[in-house]
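fold the following for me, if possible:
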Amino acid sequence: MRRNAVRLLLAVLVALAAVVTGTAAPAQAAVPDSPAVTYTNPIAEKRADPHIFKHTDGYYYFTATVPEYDRIVLRRATTIQGLSTAQEVTIWTKHTSGVMGAHIWAPEIHYIDGKWYVYFAAGSTSDVWAIRMYVLEGTGANPLTATWTEKGQIKTTWESFSLDSTTFVVNGVRYLAWAQRNPSEDNNTSLFIAKMANPWTISGTPAEISQPTLSWETVGYKVNEGPAVIQHGGKVFMTYSASATDANYCLGMLTASATADLTAPASWTKGTQPVFKSSDATSQYGPGHNSFTVSEDGKSDILVYHDRSYKDISGDPLNDPNRRTRVQKVYWKADGTPDFGIPVADGVTPQRFSSYNYADRFIRHWEYRAKIEANVSPLADSQFRVVTGLTGTGTVSLESANFPGYYLRHKNFEVWLEKNDGTSTFASDASFYQRAGLADSAGISYESYNYPGRYVRHYNYLLYVQTPSTATDRGDATFYAQ
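You can find the predicted model right below:
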């Protein structure tokens, strides 16, 4: 007994010494709850104000504003990417005269109590700017072939310019949020919310929860519009679009507790800065009018939005047809708030890579040196596009999300982010074989193309290419794609 007690005491002392000296191997990270998902942008050309709804039948349903502003279209596919080539069906066409006869804008599709509903805005043939909100009801399992009837206008406090209605449920209560011109205010539109009596009727007095007052909300026009809701961690986040529909268009965000009275303006807090805006680096301009959906595995939240691939527009932006539908993954900060990053470049969407040994640390570049770090800001410093290797031959290269044309490469066995100079040396240094994780086959390890046996690994939080020889080394060379 005494001998066993001594052995146990020695083991405890050794373990404590390892912790104190920092030599203890870190605990294995869990496989992430939200693994990487990638898509290829754009999803749809000439489709603005996009809305993608994932239904329980296994299909994604997609609708958006068409450049002609004359009809409502739907597509469906079993994957988000599949929407790009899915057949498009016109389910409703504008009236030839009177209301619902012009400016058919921003349709959204929802499934409520066994029926389909499409919310949209429309003007009149007698006044194309008499924009109001309307609802269609569809009966049938497949909305592309359903029977649609008009439920009429959504009536609000005033007969004024109103659009961009969206509906959502929080704690069993269904709400409608929308944008409307308040006749007593000197702006274009503010945001409103109300409970719903049924899918086409609000109940109670609408509450105004946001006005365009900040500098980035009032460029060109004083606008708050296009509300969209996502819930996470007991919070309700409402994104919205602001300013003119050119390169100044951007997303702001309101936040409320899910247990608060959402019809009380004081329940909402507005962010002081845009959460998503144009990026010269990636050539994406005027991102806005978003919606949210979820990935095919149900584990990732997906931001759906439109933008343009150029900054300068000739004439009225509303007459420019080239807003296109795009998607990218939403990441969640440690404090439970969403981080949308930047509108990523066209092509395959980027991923993040967390350490097997340190679950909260991600590969990032900092002053062009590659390292692992927690709470990365800006998010795009930790996002990389996995593209065909610069050497080809079954390799991959990791291209920076916010510095397109810059790749992770090794130099003197240190990993740096550098611009591709077109040389064969750079191509070799920036190419890797993607292997199953050395410490966990569910993860990924990157073996150097020109130094077989050497892998990207972190040491003292900096990245190197080295030959792993211990369990700790193999863990340091294993990453999870997120």
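
next up, the contacts around the most centrally placed residue in the chain.
For the chain, residue 303 is the residue whose C-alpha lies nearest the centre (Cα atoms, centre = their mean; 2.8 Å). Taking Cβ atoms under 8 Å, 6 or more residues apart in numbering as the criterion, residue 303 is in contact with 276, 290, 292, 327-330, 340. For glycine as for every other residue, the C-beta is placed from the backbone atoms N, C-alpha and C.

look up how far residue 268 lies from the spatially closest residue to residue 267 that is not a sequence neighbour.
Nearest non-adjacent residue to residue 267, counting by Cβ to Cβ, 6 or more residues apart in numbering: residue 260, 3.9 Å away. Residue 260 sits 8 Å away from residue 268, taking Cβ to Cβ, to the nearest Å as the criterion.

more neighbours, these two?
A count of neighbours by other Cβ atoms under 10 Å puts residue 268 above the other of residue 260 and residue 268, at 19 against 14.

verify the stated contact: the more buried one with residue 210.
Yes. Contact criterion Cβ atoms under 8 Å: residue 268 and residue 210 qualify, at 7.0 Å.

residues shared between the contacts of these two?
Residues touching both residue 268 and residue 210 (Cβ under 8 Å, 6+ apart) are residue 254.

what's the distance between the residue nearest to residue 267 and residue 224?
In this view, residue 260 and residue 224 are 20 Å apart by Cβ to Cβ.

can you check residue 202 too?
Using Cβ to Cβ, residue 202 is found at 18 Å from residue 224.

what do you get for residue 295?
29 Å.

higher neighbour count, those two?
residue 224 (30 against 20).

residues in contact with the more buried one?
By Cβ under 8 Å, 6+ apart, the residues touching residue 224 are 179, 189-191, 210-212, 217, 240-242, 252.

the same query, at a cut-off of 10 Å, please.
If you count contacts by Cβ atoms under 10 Å, 6 or more residues apart in numbering, residue 224 has them with 164, 179-180, 187-192, 208-214, 217-218, 240-243, 252, 254, 270.

was I right about residue 163 contacting residue 191?
No. At 11.4 Å, residue 163 does not count as touching residue 191 under the criterion of Cβ atoms under 10 Å.

need the overlap of contacts for the two.
Counting by Cβ under 10 Å, 6+ apart, the shared contacts of residue 163 and residue 191 are 178-180, 225-226.

need the max-distance pair from those.
Greatest spacing in these, by Cβ to Cβ: 180 and 226 (12.4 Å).

pull up the overlap in contacts between those two.
With contacts defined as Cβ under 10 Å, 6+ apart, the residues shared by residue 180 and residue 226 are 163-164, 189, 191.

nearest to residue 404 among those?
Proximity of the shared contacts of residue 180 and residue 226 to residue 404 (Cβ to Cβ) peaks at residue 164, which lies at 32.0 Å.

which strand residues bridge residue 121?
Beta-bridge partners recorded for residue 121 (DSSP bridges): residue 105, residue 133.

can you give me the end-to-end span of stretch 30-40?
Length of stretch 30-40, first residue to last, Cα to Cα, to the nearest Å: 28 Å.

mind jotting down where the helices sit in the stretch 1-150 of the chain?
When secondary structure is read from DSSP state H, counting those that start in this stretch, the stretch 1-150 of the chain shows helices at 2-21.

so, low pLDDT: which residues of it?
Within the stretch 1-150 of the chain, the segments meeting pLDDT under 70 span 1-29.

hang on, residue 306 packs against residue 64?
Yes. Counting by Cβ under 10 Å, residue 64 is a contact partner of residue 306 at 7.6 Å.

hey, what's in contact with both of these two?
By Cβ under 10 Å, 6+ apart, the residues touching both residue 306 and residue 64 are 43-44, 46-50, 289, 323-325.

pick the one among those residues closest to residue 395.
So of the shared contacts of residue 306 and residue 64, ranked by how close each gets to residue 395 (Cβ to Cβ), first place is residue 43, at 28.0 Å.

just give me the neighbour total for that closest one.
Neighbour tally, residue 43, other Cβ under 10 Å: 24.

nearest spatial neighbour of it, skipping sequence neighbours?
What sits nearest to residue 43 in space, not counting adjacent residues and going by Cβ to Cβ, 6+ apart, is residue 325, at 4.6 Å.

would you list the phi and psi of the one you found?
Phi and psi for residue 325, reported as degrees, to the nearest 10, are phi -80, psi 130.

tell me what it is bridged to.
Here residue 325 sits in beta bridges with residue 44, residue 306, going by DSSP bridges.

before we move on, what about residue 236?
Applying DSSP bridges to residue 236, the residues it is bridged with are residue 231, residue 256.

shouldn't it be in contact with residue 254?
Yes. With contacts counted by Cβ under 10 Å, residue 236 reaches residue 254, the gap being 8.4 Å.

need the residues touching each of these two.
Both residue 236 and residue 254 are contacted by 229, 267-268, under the criterion Cβ under 10 Å, 6+ apart.

and which of the residues you listed is nearest residue 38?
Taking Cβ to Cβ as the measure, residue 38 sits nearest to residue 229 out of the shared contacts of residue 236 and residue 254, at 25.2 Å.

ok, how many other residues are close to that closest one?
Residues near residue 229, counting by other Cβ under 10 Å, number 21.

and the closest residue to residue 331 other than its chain neighbours, how many neighbours does it have?
Distances taken as Cβ to Cβ, 6+ apart place residue 339 nearest to residue 331, at 4.8 Å, with adjacent residues excluded. Counted with other Cβ under 10 Å, the neighbours of residue 339 add up to 15.

tell me how many other residues crowd residue 71.
14.

and residue 150, by the same measure?
Neighbour count for residue 150, taken as other Cβ under 10 Å: 13.

ok so, going back, between residue 163 and residue 191, who's got more neighbours?
Shown here are residue 163 and residue 191; by other Cβ under 10 Å, residue 191 has more neighbours (26 against 23).

hey, what's the more buried one bridged with?
In this entry, residue 191 is beta-bridged to residue 179, residue 210, by DSSP bridges.

returning to what we had before: would you list the shared contacts of residue 180 and residue 226 in a markdown table and tack on pLDDT and secondary structure?
Converted to a markdown table, the shared contacts of residue 180 and residue 226 look like this (pLDDT from 0 to 100; DSSP: H, G, I helix; E, B strand; the rest coil):
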| residue | pLDDT | secondary structure |
| --- | --- | --- |
| 163 | 98 | strand |
| 164 | 98 | strand |
| 189 | 98 | strand |
| 191 | 98 | strand |
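
any chance of CSV for the residues you listed, columns distance to residue 376?
Formatted as CSV, these follow (distance: Cβ to Cβ, whole Å):
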residue, distance to residue 376
163, 37
164, 33
189, 35
191, 31
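
so how far is the helix or strand encompassing residue 464 from its chain's centroid?
Residue 464 is part of strand 462-466 when elements are defined by DSSP states H and E. Between the centre of strand 462-466 and the centre of its chain there are 31 Å (Cα atoms, centre = their mean, to the nearest Å).

looking at it, residue 31 is touching residue 356, isn't it?
Yes. Applying Cβ under 10 Å, one finds residue 31 in contact with residue 356, separated by 9.5 Å.

hey, what's in contact with both of the two?
437, 440, 442-443, 480.

phi, psi of residue 427?
Torsion angles at residue 427 (phi, psi; degrees, to the nearest 10) stand at phi -60, psi -40.

just the buried members of the shared contacts of residue 306 and residue 64?
Neighbour counting over the shared contacts of residue 306 and residue 64 (16 or more other Cβ atoms under 10 Å) leaves 43-44, 46-50, 289, 323-325 as the buried ones.
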